[in-house]
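1. need coordinates for the below:
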Amino acid sequence: AFIVARQFATWDIGHATIPMPRFSVIYVKRTDRTPKTTTITFTFPDGQTVDYQTDNVILEDFTKEKIVEKRLFPYIPFYIARYEKEIASEGDIEKVVEELTYFRDEMVSLHQAGELSDDELIDLKGFVNTIITHITNGNKNEERLVNIMGGTIIETESDKIKIRTIIEMGQEVGLDDSEILKKLQEKIIGLPLKRAQAYLEQYGKQLV
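-> Have a look, this model is predicted:
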């Protein structure tokens, strides 16, 4: 918020005006303790304090229709988190399939209408699949859900460098394959077990 505010600050001799932007705290999940508002207190060196209060955004309160209607595109990937229990436990996921199919079709329509660029569409689909692969962690639901958005997650080049480094260091200190796989999944959020095994096979052989 301060970085944004600096860009719009106005300066005069001995006086600066820094307009703070509106902000919100977004809760992906809700518990009994989730607050309705957040207050930030600005404390200055001369002892003055200023309280700024804003309503929290509870993602659970948003329907899929409202997210699309209001063009709240960044919320789409996190919408799937409300079904974490069903996805992770390999339970009934038909509702999840229905919701994801809706978002996919709406995003494609918005892309065709010029409201989403090529990069934005690809990024949104990728972020959704990142959440899915993190929750499923390689279980039987992963492939079906990821395919709805189209394709699989492609790790970034920085991720691949990190993966190779973890494998190399693990082998150097004598870790067995299971320990290296565990470290890969700890360090690369959203990396499913099957893909971690594929990287270990690919890079591990090169380093031996």
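2. tell me how the protein divides into domains.
-> Using automatic domain parsing, the domains assigned to the chain come out as 2-58, 62-149, 157-207.
3. what would those look like in CSV with mean neighbour count and mean pLDDT?
-> Every residue, glycine included, has its C-beta placed from N, CA and C. Listed next are those as CSV, based on neighbours: other Cβ atoms under 10 Å; pLDDT from 0 to 100:
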stretch, mean neighbour count, mean pLDDT
domain 2-58, 10, 91
domain 62-149, 16, 88
domain 157-207, 15, 81
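4. tell me which other helices or strands the helix or strand that residue 146 is a member of touches.
-> Assigned by DSSP states H and E, residue 146 belongs to helix 141-149. Helix 141-149 sits against helix 94-112, helix 118-136, with contacts defined as 3 or more Cβ pairs under 8 Å, 6 or more residues apart in numbering; DSSP states H and E.
5. quick one: contacts of the first one?
-> With contact meaning Cβ atoms under 8 Å, 6 or more residues apart in numbering, helix 94-112 is reached by 64, 68, 76, 79-80, 83, 86-87, 116-118, 120-121, 124-125, 128, 144-145, 148-150.
6. hmm, back to that, distance to residue 10 added to the helices and strands packed on helix 141-149, as JSON lines?
-> Compiled in JSON lines, those are given as follows (distance: least, Cβ to Cβ, whole Å):
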{"stretch": "helix 94-112", "distance to residue 10": "37"}
{"stretch": "helix 118-136", "distance to residue 10": "32"}
